[in-house]
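Asker: any chance you can model this:
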Amino acid sequence: MNRLFSTLLVLLALSVSAAFAADTALVVDVDQAIGRVSPMHYGLMTEEINHSYDGGLYAELVQNRAFLDNPEKPVHWSVVQGPGATATIALDHSEPLNDILTNSLRLVATNASEAGQAGIANDGYWGIPVRPNTKYRASFYARADANFKGPIKVAIESDDGATTFAETKVSRIGAEWKLHTVTLKTGDVSPTAKARLVLSVSHPGTVWFELVSLFPPTFHNRPNGNRADLMQMLADMKPAFLRFPGGNFVEGDTLETRFDWKKTIGPLERRPGHMGCWSYRSSDGFGLLEFLDWCEDLKMEPVLAIYAGYNLNHTRIAAGPALQPYVQDALDEIEYVTGDTSTQWGAQRAKDGHRAPFQLQYVEIGNEDWFDNSGSYDARFAQFFDAIKAKYPKLKCISTVGTEHPAKQMVHSRKPDVIDEHYYSSAKTFDEDSPAHWDKYDRSGPEIFVGEWAAYEDVVPWEPPSRKLPPTPNLKAALADAAWMAAMERHSDLIVMQCYAPLLVNVNPGARQWRPNLIGYNALNVYGSPSYHAIKMFSLNHGDTLLKTSVTSPPLHYSATKDTRTGAIYLKIVNTEPTPKAVELTLRGVGSLAPEATVTTLSASSRDDSNSIDDPAHVVPITTTVSNLKPAFTYTCVPYSITVLRLFSENSR
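Answerer: Numbers count the residues shown, from 1 in each chain. Sure, this is the predicted structure:
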């Protein structure tokens, strides 16, 4: 119903524009370029929050697969006892797979039969998603005592055990650890997340398990890959870059819980995982190479954030000899990304499965170091900066301390190539601040990277999830986000990159730590918020050149760019008001316009309207065409709307 309402509003805007006296006027000099739109302007930022990787983008379906999430008990695992079966399960520290994965799960089956099996079950991340006619790849390490030879049944079952969706068997289990891999295929079943993975036996004995895994089909069929529907949502945005691995995930709460990249590469059985910043462990199955593969799959450039000696508990490593090992670690990390096979870490990357180096232009030194009240960031930044520039002079170094923060925390001993600024503001603040915010910036200073930004409606992002607010933003926030984006795009000669944060949220109860978030999902479904659709509209519709403009009072949220390759002219207008806004548009220097233009509009009857798992397309863009335009015309933006007009001059078609 809301989509129909939006369509009618858009058609009304196209048909009655002339009936409204103009509220404001926008003049665009199409033949006068005032700057270049950065080709890296629209991108993605990600970190492990809200179960963004484990239980989110990373396609692994088994939670606590290596039995390290709790040292005392096998959380997310339960014992299975069929009719007449008796069994126990427990963590076993005396039967490790290796020196990295030091816990195994021991199953002692006292009684078991074909009719009454005993085993272990994993409940996944708020369920195991079952889809019809789908192949799953299951794997696990196992060993058994002398009394047990097999088989082990591997099955995806309903969470009450009444229905088996797919199953197979591993015939023989020996006394030594061995990796077993099988394929499970579902039939013509109804989709459900009320399912579990079960490994069970039909004979008494003791079996130890380690690194139990289950993967659905992944994006581009990558082993250890990503969830396909989420990846497609991101691909549809056509992002130019990915800032990773965070965010707070870079620095960790403590030195020991930082993103220690060398522990995230290589075989999964050599990755210990670590405690994240948001009260749950990261498996680190999504490690450094997986981030780079993600960039390759979506044709994004990596923006690599490196640990710079500061942790969220306000501990820090002083610049000088104590910091030098971490500087070297950063140089090794850059070599892993960019080095050829003649280098130590380039050769390691090739061994890990990717022979060709990755392109890298930007390295961010630390994250949000304005929280370091000691003022040590200047010296730490300088030590990293000098070392990186000495070995990689073409790399651009990003400072995490932006211009909005006190002078004592600023970097002053070196001039950063780029400054990263973060803005989490109310919709009202973005609405009021965006028309003039970037006008005050010095074009002779460093380039700007707005590495995290988002508008919240009325409640600050750090309000506890117990408030039961929706995990993703409504149209009110999306309108403010669009106003902010329009301002950043008008200054995209200075703002070389920008990205919304957080990107992802698992919407199940207990999964989220922050709001609002751009894309929501559960085990089976995914949806984009109104802000997602706004960003997608902006990212897919912009040129490479900024055009000279002038606006009459009152201020207007807008941007104007031109694609010099195709001749397309892109006008974006945001109406945050509850009434229509008639904008008198004058395009100078075009002669005449092509007979048809495309108009894409995101709007709703109320600013409170939003999308959700149950109603994923409540607020979505509508695309129409408008005809018989002249270089001077009035376009009426419907209430609460984001509008993108794509026009051509007659001689550019």
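
Asker: quickly find the element holding Ala382.
Answerer: For Ala382, the host element (DSSP states H and E) is helix 377-391.

Asker: what do you get for Ala350?
Answerer: Applying DSSP H and E as the criterion places Ala350 in helix 344-352.

Asker: and that helix, which residues are buried?
Answerer: 345-350, 352 (16 or more other Cβ atoms under 10 Å). For the C-beta atoms, the positions are set from N, CA and C on the backbone; glycine is no exception.

Asker: which ones are touching the residue in the chain sticking out farthest from the centre?
Answerer: For the chain, the largest distance from the centre (Cα atoms, centre = their mean) belongs to Asn147, which lies 47.9 Å off. Contact partners of Asn147, counting by Cβ atoms under 8 Å, 6 or more residues apart in numbering, are 204-206.

Asker: which element is Ala534 on?
Answerer: Here Ala534 sits within helix 530-540, counting by DSSP H and E.

Asker: tell me which residues of that helix come out buried.
Answerer: Counting neighbours by 16+ other Cβ under 10 Å, the buried set in helix 530-540 is 530-539.

Asker: what sits against Tyr302?
Answerer: Tyr isn't right for residue 302; it's Pro. Counting by Cβ under 8 Å, 6+ apart, Pro302 has contacts 241-242, 244, 291-292, 295, 337, 358-360.

Asker: ok, those residues vs Ser113, which is closest?
Answerer: Nearest to Ser113 among those, counting by Cβ to Cβ, is Phe291 at 46.9 Å.

Asker: residue ranges with poor pLDDT in the protein?
Answerer: Applying pLDDT under 70 to the chain flags residues 1-20, 402-409, 463-466, 651-653.

Asker: helices of that one, start to end?
Answerer: Using DSSP state H, the helices of the chain run over 2-15, 228-235, 248-251, 288-297, 324-338, 344-352, 377-391, 427-433, 475-490, 530-540.

Asker: could you redo these as a markdown table and give each row distance to Thr576?
Answerer: Below are those laid out as a markdown table (distance: least, Cβ to Cβ, whole Å):
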| stretch | distance to Thr576 |
| --- | --- |
| helix 2-15 | 15 |
| helix 228-235 | 26 |
| helix 248-251 | 31 |
| helix 288-297 | 34 |
| helix 324-338 | 41 |
| helix 344-352 | 47 |
| helix 377-391 | 37 |
| helix 427-433 | 5 |
| helix 475-490 | 5 |
| helix 530-540 | 12 |
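
Asker: nearest to Asn628, of those?
Answerer: Of all those, helix 2-15 comes closest under Cβ to Cβ, at 10.8 Å.

Asker: pull the contacting residues for the residue lying closest to Glu333 once chain neighbours are set aside.
Answerer: Take Glu333 and drop its neighbours on the chain: the residue closest to it by Cβ to Cβ, 6 or more residues apart in numbering is Trp261, 5.3 Å away. Shown in contact with Trp261 (Cβ under 8 Å, 6+ apart): 245, 287-288, 329, 333, 336.

Asker: quick check: the farthest pair among these?
Answerer: Of all pairs in the contacts of Trp261, the most separated under Cβ to Cβ is Gly287 and Asp329 at 14.9 Å.

Asker: re earlier: show me what counts as buried in the helix holding Ala382.
Answerer: 377-385, 387-388.

Asker: that one - contacts with which helices or strands?
Answerer: In terms of contacts (3 or more Cβ pairs under 8 Å, 6 or more residues apart in numbering; DSSP states H and E), helix 377-391 is packed against helix 324-338, strand 362-365, strand 396-399.

Asker: could these be laid out in a markdown table, adding mean neighbour count and distance to Ala59?
Answerer: As requested, those are exported to a markdown table (neighbours: other Cβ atoms under 10 Å; distance: least, Cβ to Cβ, whole Å):
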| stretch | mean neighbour count | distance to Ala59 |
| --- | --- | --- |
| helix 324-338 | 18 | 23 |
| strand 362-365 | 25 | 27 |
| strand 396-399 | 24 | 30 |
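
Asker: follow-up on the earlier one: list the contacts of the helix holding Ala534.
Answerer: Under the contact criterion Cβ under 8 Å, 6+ apart, helix 530-540 has outside partners 42, 233, 236-239, 454-455, 472-475, 477-479, 481-482, 485-486, 489, 500, 516, 518-519, 528, 572, 600, 602, 604, 609-611, 619-621, 642, 644.

Asker: between the contacts of Pro302, which is closest to Pro509?
Answerer: Distances from Pro509 to the contacts of Pro302, taken by Cβ to Cβ, are shortest for Phe244, at 27.4 Å.

Asker: so what's the closest one up against?
Answerer: With contact set as Cβ under 8 Å, 6+ apart, Phe244 has these partners: 45-47, 291, 294, 302-305.

Asker: circling back to that earlier point, quick one, phi/psi of the residue farthest from the centre of the chain?
Answerer: phi -80, psi -10 (degrees, to the nearest 10).

Asker: heads up, I number from 58, so please use that
Answerer: In the new numbering, first residue 58, that becomes Asn204.

Asker: quick one: it and Leu154, what's the gap?
Answerer: 21 Å (Cβ to Cβ, to the nearest Å).

Asker: ok, now Tyr367?
Answerer: Counting by Cβ to Cβ, the gap from Tyr367 to Leu154 is 34 Å.

Asker: likewise for Gly624?
Answerer: For Gly624, the distance to Leu154 - Cβ to Cβ - is 61 Å.

Asker: and for Gly648?
Answerer: Applying Cβ to Cβ to Gly648 and Leu154 gives a distance of 72 Å.

Asker: which residue sits closest to Ala540, ignoring its sequence neighbours?
Answerer: Using Cβ to Cβ, 6+ apart, the closest residue to Ala540 is His614 (4.1 Å).

Asker: burial of the one you found, as a residue count?
Answerer: 26 (other Cβ atoms under 10 Å).

Asker: just Gln416 next, same as before
Answerer: When neighbours are counted by other Cβ under 10 Å, Gln416 registers 11.

Asker: so what sits opposite the closest residue to it other than its chain neighbours in the bridge?
Answerer: Spatial nearest neighbour of Gln416, chain neighbours left out: Glu358 (6.0 Å); criterion: Cβ to Cβ, 6+ apart. Beta-bridge partners for Glu358, by DSSP bridges, are Phe298.

Asker: residues touching Glu358, list them.
Answerer: Contacts of Glu358 (Cβ under 8 Å, 6+ apart): 97, 297-299, 352, 416-419.

Asker: on that earlier part again, quick one: which of the helices and strands packed on helix 434-448 is nearest Ile209?
Answerer: Among the helices and strands packed on helix 434-448, the nearest to Ile209 by Cβ to Cβ is helix 381-395 (37.3 Å).

Asker: that closest one packs against which elements?
Answerer: With 3+ Cβ pairs under 8 Å, 6+ apart as the test, helix 381-395 has helix 345-354, strand 358-363, helix 401-409, helix 434-448 packed against it.

Asker: strands along the stretch 508-657 of the chain, start to end?
Answerer: Along the stretch 508-657 of the chain, counting by DSSP state E, counting those that start in this stretch, strands occupy 552-555, 561-563, 576-578, 583-585, 602-608, 614-619, 625-632, 638-645, 653-660.

Asker: buried residues in the last one, which are they?
Answerer: Buried residues in strand 653-660, counted by 16+ other Cβ under 10 Å: 654-660.

Asker: need the residues you listed in JSON lines (columns: distance to Asp620).
Answerer: Listed next are the buried residues of strand 653-660 as JSON lines, based on distance: Cβ to Cβ, whole Å:
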{"residue": "Ala654", "distance to Asp620": "14"}
{"residue": "Thr655", "distance to Asp620": "13"}
{"residue": "Val656", "distance to Asp620": "17"}
{"residue": "Thr657", "distance to Asp620": "16"}
{"residue": "Thr658", "distance to Asp620": "21"}
{"residue": "Leu659", "distance to Asp620": "21"}
{"residue": "Ser660", "distance to Asp620": "25"}
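
Asker: and these, which is closest to Ser339?
Answerer: Lowest distance from Ser339 to the buried residues of strand 653-660 (Cβ to Cβ) belongs to Leu659, with 34.5 Å.

Asker: hmm, that closest one is touching Thr680, no?
Answerer: No - the pair Leu659 / Thr680 is not scored as a contact, 10.3 Å apart, by Cβ atoms under 8 Å.
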